[in-house]
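Everything below, folded, please.
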Amino acid sequence: MSVLSKLKVFATKPHPCSYQEDKEATTLFIDPETELNEISYQDLTEIGFRRSGTHFYRPHCQSCNDCIPARIPVNTFTPARRQKRIENKNKDLTVQEVVSITSEEHYQLYASYIELRHDDGDMYPPTPEQYEEFLGKQTRFSRFTEFRLNGILVAVSIRDNLTDSFSAIYTFFDPEYSSRSLGSFAVLWLISEARREKLDYVYLGYWIRSCRKMSYKIDYRPIELLLNNRWQTLN
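Modelled structure (predicted):
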């Protein structure tokens, strides 16, 4: 029996797509009053659902299937030469899990990232309230990781811990350190951490072929894509 048959689900009215200007989107949401456990959340993730703040959602567009869920099988992943260079370049970072990312230091890093890297997206302009709703709220699944260089906060990674995997929720970083490829390094660190904890996958969210900002996801090989309701490997 599908996990969806056990849950109350709502569909939005068509609205402008966040990723493609000329398209409309429809989104499925799990009833926000539902309290999911780790198994239900894992099952939802395997059929393409994501978490944003306290909401669990999946695209449900009638005329478009461009949002393709992607995950990295950590035990067969092999870093490419460029990814090995990124790992080596960031060996001097201090990585630490923290219980909260609600300080002014965290917010200012997020605001700088959105203003310089995503000023054309839904999260612009950033506000403390939007940050708190999107990333700052602690859930039973969420984990926060800081990356610091000589004590200076340069990146933050938010992930969810599932039964056999990590779900990469969001990463933001200081654009002044763009030469370090901190976003890519955060994914590589998640893969290593998942392997260390003997997990199977890191879920990366949706990949859209025509969206330039999502192109990095396909660089992790092998990668698995959810196509026609079946996970298929792309080597």
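
what separates Ser165 from Tyr124, distance-wise?
With the distance defined as CB to CB, to the nearest Å, Ser165 ends up 30 Å from Tyr124. Any C-beta I mention is one placed from the backbone N, CA and C, and that applies to glycine too.

Next, name the residue at the spatial heart of this structure.
Ile169 (3.0 Å; CA atoms, centre = their mean).

Provide the secondary structure category for that residue.
Going by DSSP: H, G, I helix; E, B strand; the rest coil, the secondary structure assigned to Ile169 is strand.

Setting aside sequence neighbours, what's the nearest residue to it?
Sequence neighbours aside, Ile158 is the residue nearest to Ile169 in space, at 4.3 Å (criterion: CB to CB, 6 or more residues apart in numbering).

Arg143 now?
Residue nearest to Arg143 in three dimensions, not counting chain neighbours: Arg159, with 5.3 Å by CB to CB, 6+ apart.

What residues are bridge-paired with the residue lying closest to Tyr170 once chain neighbours are set aside?
Take Tyr170 and drop its neighbours on the chain: the residue closest to it by CB to CB, 6+ apart is Ile158, 4.9 Å away. Bridge pairing for Ile158 (DSSP bridges) gives the partners Phe144, Tyr170.

got the contact list for Ile158?
With contact taken as CB atoms under 8 Å, 6 or more residues apart in numbering, Ile158 is in contact with 101, 135, 142-145, 169-171.

on that earlier part again, hmm, the residue nearest to the centre of the chain is touching Asp160, no?
Yes: counting by CB atoms under 8 Å, Asp160 is a contact partner of Ile169 at 5.9 Å.

and Gly151, how many neighbours does it have?
6 (other CB atoms under 10 Å).

What pLDDT is listed against it?
Gly151 is assigned a predicted lDDT (pLDDT) of 98.

how much space between it and Ser181?
According to CB to CB, Gly151 stands 21 Å off from Ser181.

which residues of this structure fall in helices?
Ranges of helices within the chain are 38-46, 81-89, 104-117, 128-131, 182-196, based on DSSP state H.

which one of the ones you listed lies closest to Ala25?
Comparing these against Ala25 with CB to CB, the closest turns out to be helix 38-46 (18.7 Å).

hang on, isn't Arg209 packed against Asp66?
Yes: when contacts are counted by CB under 8 Å, Arg209 is listed as touching Asp66 (6.9 Å).

For this structure, name the helix or strand with the lowest mean pLDDT.
Counting by mean pLDDT, DSSP states H and E, the weakest-scoring helix or strand in the chain turns out to be strand 15-16, with a mean of 90.

got any ranges where this protein has weak pLDDT?
Counting by pLDDT under 70, the chain shows low-confidence ranges at 1.

domain parsing for it?
3-65, 70-234 (automatic domain parsing).

distance between the ends of the longest one?
Think domain 70-234. 10 Å (CA to CA, to the nearest Å).

Then the first one?
Its first and final residues considered, domain 3-65 spans 21 Å by CA to CA.

what about the strands in the chain?
With strands called from DSSP state E, the chain shows them at 9-11, 15-16, 24-25, 27-30, 50-52, 55-59, 68-73, 94-98, 142-149, 152-161, 165-173, 201-207, 223-227, 230-234.

Can you lay out those as JSON lines showing distance to Gln130?
Conversion of the strands of the chain to JSON lines gives the following (distance: least, CB to CB, whole Å):
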{"stretch": "strand 9-11", "distance to Gln130": "22"}
{"stretch": "strand 15-16", "distance to Gln130": "18"}
{"stretch": "strand 24-25", "distance to Gln130": "20"}
{"stretch": "strand 27-30", "distance to Gln130": "18"}
{"stretch": "strand 50-52", "distance to Gln130": "12"}
{"stretch": "strand 55-59", "distance to Gln130": "14"}
{"stretch": "strand 68-73", "distance to Gln130": "25"}
{"stretch": "strand 94-98", "distance to Gln130": "21"}
{"stretch": "strand 142-149", "distance to Gln130": "17"}
{"stretch": "strand 152-161", "distance to Gln130": "15"}
{"stretch": "strand 165-173", "distance to Gln130": "13"}
{"stretch": "strand 201-207", "distance to Gln130": "19"}
{"stretch": "strand 223-227", "distance to Gln130": "29"}
{"stretch": "strand 230-234", "distance to Gln130": "33"}
